[in-house]
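Enquirer: Quick one: sequence and predicted model below, then my questions.
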Amino acid sequence: MASRLFSIFLAILALTAFCGIGLAIAGDESTDYTQFSLDDLMEMNVVSGASKYMQKASEAPSSISIVTADEIRTYGWRSLWEVLSSLRGFYDTYDRNYYYMGVRGIGYPGDLSSRMLVLVDGIRMNETSLGGVLTGRGFPVDLDLVSRIEVIRGPASSLYGTNAMTGVVNIVTREGYQLNGTEVKSGFSSYGTLESRMTHGFETEKGVDVLISASRGVMEGQDFYFPEFDTPETSNGVAEGIDEEKWEQFYAKVIYEGLTLESTYVWRSKLNPMGGIGMMFNDDRAKTVDIQSAYAATYKRKLPWEVNLAWRAYYQDFTSEIQYPYDYVWDGDGFIPYPEGLIYQNDSFGERLTTELDLTRAVPGGHMVAAGVEYMKTFRNDSYAYDHEPYYYMYYTMELEPSNYSAYVLTDIRVRQGLILNLGFRHDHYKSFASSTNPRLALVTELIKGTVLKAAYGKAFRAPVGYDLPDDGTLDLSPNEIETVELIWEQILPWNLNSTISVYDWDYQDVPQNVDPADINDYFLSHESIGSKGVEFELAGKLPRGIRGRTSWSFNEVEVPDSELVPGRGEPRGPKHMVKANVMVPLCGPDRLMGLELRHSSKRLTKDRLWTEAFTLLNVSLVDTKLLDGPEIRASVYNVFDSDNGHPGTWGEDQQIIWQDGRSYRLYLTLSL
C-alpha cells in the first residue's frame, strides 16, 4: 500500500511540476506577517497552523478552512463539534456522554477524537491521559473567546508529532485590546440549559494586553426511551432525569512585547443515561467528571540574521472519573448478585510538561526554512479500574511515563516563479515503544492567475496511550500510522467566488480493535489497514448585498478488512455522502444578520452492521448587534423541521442507534460595558 500511494504521488508531482508555469504565488520575497495585528491578519486569509509560521492559505501544502468569530456568532455555535461538523469532510458522533469527531470517513465512535490534534494559540489541547479532545462542553475555551479557527486537513506529524493524523485544528483566541472593556453574557436554551459568561479585556499604555474570562452552565437534560431496555425490571426502557450536564471554564491571557502567558481550565460533570456495558439502567450514579487545565508561557523575538525565534513551555493536567453502577460484584472467586448496586469506577490521570523551540528564517528568493525541537516529560499517565467498598476489587492498574523528545526540519523552496516545493520531516523518540519518523512532501503551483494546484504526500502517527498499553509488557507496540496522498485544486472565480476540489487516498494502519479495555491484552493486536478514498468540493464567497457563505459536498469510500468486521466493535466508517451549506444574510443593514445552516448526511453502519437513516437538518439563527443600542441578541432554532437523526452506538452500548436532539431553541444576550 505504501509503495502504491507514493507512486501515485510521484506521478501527480511530475504533472504538477510540468504545469507550474507563469506566475509567482506571492512574489519573490516572503511577507513578514509578524508586523501585522490580529485584526489585519484576519483580513489577509493567512494561517499559522499549517507550517508553524504565517503564510497565505493558498501557499500552505494542505486543504484548509478558516472559521471566523463572525461565523461562530452568526450561526449560534456553542461547542467546537458544531464548528467542525459544518466543514467538509468532518462528522460527529454523540453517545449522550462525549462527542467524537471523524474526518474523511475515518473515526471510531468512542475514541475521543484522539487522531485529530487541537491547538489553542499553539498549546496542545489533547488531554494527557488518553490523548483525546473533548469537543463538547468539556472543551477548555469558550467559543466567544475565539478570534478564528484554522482547520488543516491531512497528516501533520511532520510538524506536531502524535495525534496529528487526520488533521490539525488551530484555534486563535481574542486579545484584550479587541474587547477594551467588559462583556457580560447570559442565555438559556432547550432542555433547561442556562449559561453565563463574564469577560474583561484591555491594553495598558505600556502595551500590556490582558484578557480574563469565566463561564459556567448547567443543562437539566431530557428523558429518553430506549427499546433495548423495555422491560419492567428496567423501568420499561425510560431513563428519567439522568441527562444533566454542568460545566465551568476559565481562561486568562497576558501579552507584553514578545511574552505571552496563558491559562485554561475546565470542569465538566455529565450523567449518563445510556445504561451500557451491562450496568444498571436508569440510575443517576452513572456519571462522568472531567477536569483539564493548562498553564503556558510563550516567548517570540527576532534574532540576528533575520531569524525568528519562538519558545514555548506548558504544563497540562487531566483527570477523568467515570462511574458505572452494577448490581453484581466480583468477590475474588466469581461474580455474585448485589441488588443494592455497587460503583465500578474507571479513573484516568495525566500530567505532562512540554517545551519546544522553533526557529524560522526567510531566505532571499522567497524561500523559508524552519527547524525545531520538542521535549515532553510525562509525570503521570495512570489508569485504574476498580469496585468501590464494601466489595473493593482492583481490576487493573496502569502507571506509565511515556516521555519523548523530537526534532523537525521544514523548508519552503521557490523552485521557480509560481512553483513552491515543501519538504519536511520529524522524528519522535519514545522510551515506552517504537519511535516514529514522519515526512511531508508537497508541491504548490499557480498555473495561471487565480488557479492554484497542490499535490501533497505525508505520514503521521498516534502514540499508544492509556488503554492502548498493556500492563504486563507482553506486546512490542507500534503507533497507529497513516499515509496519504492528496491533490487539491483551488480556483478563484468571478463574482467574488472561489472553489476547492480535493481528491485523496488515505491508508490507515495498525488499527486498534475496539474491545472492552478489561481485555487489555487483545486491545492492540490488529495490524490490518483501513483505506479511505474520496473527493470533496466546496464553493465559497461573498455575494452582492453582503451575503456570504459556503457550500460543500463530500464523498468517501472506506475499505475495512474482514478482520475488522466483527459484530460488537465500533464501526470506523463515516457517512459516504455529506452535503453542507452555510449562508449569512444581512437583514436591514450589517448589524442584523441571519445565519442558515443545512447539513445532510447519508446513512452509516452501526457496530452490528445495521444502518442508521440518512437525515437532513436545517438550523436558523438571528443576530442583532445594535438593538436599541442595548445588548447583542442571538436567537437560534436548531433542527427546524424536527427531523429524526441517529448516530451509531459505540462498542460499549446496547443501543445500535442513538437518536439525537429534535427541534431546540437558544437565546443569548451579551452586554458590553
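Expert: Ah, there it is. This one's a predicted model, so the numbers in the text were calculated from it and none came from an experiment. Residues are numbered from 1 along each chain as shown.
Enquirer: contacts, neighbours, all on C-alpha from now
Expert: Noted.
Enquirer: Stretch 451-460: how far from the chain's middle?
Expert: Remark: stretch 451-460 is offset 21 Å from the chain centroid, using CA atoms, centre = their mean, to the nearest Å.
Enquirer: which outside residues touch the helix or strand containing Leu421?
Expert: Assigned by DSSP states H and E, Leu421 falls within strand 419-430. Here strand 419-430 makes contact (CA atoms under 8 Å, 6 or more residues apart in numbering) with 17, 20-21, 24-25, 59, 61, 157-159, 161, 402-415, 435-446.
Enquirer: What are the boundaries of the strands in the stretch 201-350 of the chain?
Expert: 208-219, 224-225, 238-239, 245-256, 259-271, 287-303, 307-330, 335-363 (DSSP state E, counting those that start in this stretch).
Enquirer: Same question for the stretch 501-650 of the chain.
Expert: Using DSSP E, counting those that start in this stretch, strands in the stretch 501-650 of the chain cover 529-542, 548-559, 577-586, 592-601, 615-624, 632-638, 646-648.
Enquirer: got a markdown table for those strands, with mean pLDDT, distance to Arg361 and mean neighbour count too?
Expert: Compiled in a markdown table, these are given as follows (pLDDT from 0 to 100; distance: least, CA to CA, whole Å; neighbours: other CA atoms under 10 Å):
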| stretch | mean pLDDT | distance to Arg361 | mean neighbour count |
| --- | --- | --- | --- |
| strand 529-542 | 92 | 33 | 19 |
| strand 548-559 | 93 | 35 | 20 |
| strand 577-586 | 96 | 38 | 21 |
| strand 592-601 | 95 | 42 | 20 |
| strand 615-624 | 96 | 43 | 20 |
| strand 632-638 | 95 | 44 | 21 |
| strand 646-648 | 91 | 47 | 24 |
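Enquirer: Those into TSV, with extra columns for distance to Phe188?
Expert: Compiled in TSV, the strands of the stretch 501-650 of the chain are given as follows (distance: least, CA to CA, whole Å):
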stretch	distance to Phe188
strand 529-542	32
strand 548-559	27
strand 577-586	23
strand 592-601	19
strand 615-624	14
strand 632-638	10
strand 646-648	25
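Enquirer: quick one: which of those strands is nearest Lys270?
Expert: strand 646-648 (19.1 Å; CA to CA).
Enquirer: Can you name every helix or strand that the closest one contacts?
Expert: strand 90-94, strand 657-659 (3 or more CA pairs under 8 Å, 6 or more residues apart in numbering; DSSP states H and E).
Enquirer: Name the next helix or strand following the last one along the chain.
Expert: Spelled out, that is strand 657-659. Heading C-terminal from strand 657-659 (DSSP H and E), you reach strand 664-672.
Enquirer: cool, and the first one?
Expert: Next helix or strand after strand 90-94 toward the C-terminus (DSSP H and E): strand 99-103.
Enquirer: Please save the CA atoms from that following strand in CSV.
Expert: Output in CSV follows, covering the C-alpha atoms of strand 99-103 (Å, rounded to 0.1, in the frame of the first residue of the first chain):
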residue,chain,number,x,y,z
TYR,A,99,-18.8,13.9,21.1
TYR,A,100,-16.4,12.0,18.8
MET,A,101,-15.2,13.6,15.6
GLY,A,102,-14.4,11.7,12.4
VAL,A,103,-12.6,13.0,9.3
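Enquirer: Can you tell me what sits against that strand?
Expert: Contacts of strand 99-103 (CA under 8 Å, 6+ apart): 81, 89-94, 107-113, 134-136, 166-167, 574.
Enquirer: Can you flag which of those residues belong to helices?
Expert: Trp81 (DSSP state H).
Enquirer: before we move on, the earlier item: how about whichever helix or strand comes after the strand holding Leu421 as PDB, C-alpha atoms only?
Expert: Per DSSP H and E, strand 419-430 leads on to strand 436-448 as the next helix or strand towards the C-terminus. C-alpha atoms of strand 436-448 as PDB (Å, rounded to 0.1, in the frame of the first residue of the first chain):
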ATOM      1  CA  SER A 436       8.300   7.300  14.600                       C
ATOM      2  CA  THR A 437       9.700   9.300  11.700                       C
ATOM      3  CA  ASN A 438       7.200  11.100   9.500                       C
ATOM      4  CA  PRO A 439       7.900  13.000   6.200                       C
ATOM      5  CA  ARG A 440       5.900  15.600   4.300                       C
ATOM      6  CA  LEU A 441       6.400  16.400   0.600                       C
ATOM      7  CA  ALA A 442       4.300  18.800  -1.300                       C
ATOM      8  CA  LEU A 443       4.300  20.900  -4.400                       C
ATOM      9  CA  VAL A 444       2.200  24.100  -4.800                       C
ATOM     10  CA  THR A 445       1.900  25.900  -8.100                       C
ATOM     11  CA  GLU A 446      -0.200  28.700  -9.600                       C
ATOM     12  CA  LEU A 447      -0.800  27.600 -13.100                       C
ATOM     13  CA  ILE A 448      -2.500  30.800 -14.100                       C
END
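Enquirer: Tell me what angle strand 436-448 forms with strand 419-430.
Expert: Angle, strand 436-448 to strand 419-430, by axes from the mean of the first three to the mean of the last three CA atoms, to 10 degrees: 170 degrees.
Enquirer: packing partners for the very next helix or strand once past strand 436-448?
Expert: The helix or strand immediately downstream of strand 436-448 is strand 451-462, counting by DSSP H and E. On a contact count with 3+ CA pairs under 8 Å, 6+ apart, strand 451-462 meets helix 2-19, helix 157-160, strand 436-448, strand 480-493.
Enquirer: And those, which one averages the lowest pLDDT?
Expert: Mean pLDDT values for those show the minimum at helix 2-19, a mean of 53.
Enquirer: check contacts around Ala294.
Expert: Counted by CA under 8 Å, 6+ apart, Ala294 has contacts Ser263, Thr264, Tyr265, Tyr314, Tyr315, Gln316, Asp317.
Enquirer: For the residue lying closest to it once chain neighbours are set aside, which residues are in contact?
Expert: Leaving aside its sequence neighbours, Ala294 sits nearest to Gln316 (CA to CA, 6 or more residues apart in numbering; 4.4 Å). Contacts of Gln316 were listed using CA under 8 Å, 6+ apart, and they are Glu127, Thr128, Gln292, Ser293, Ala294, Tyr295, Gly350, Glu351, Arg352, Leu353.
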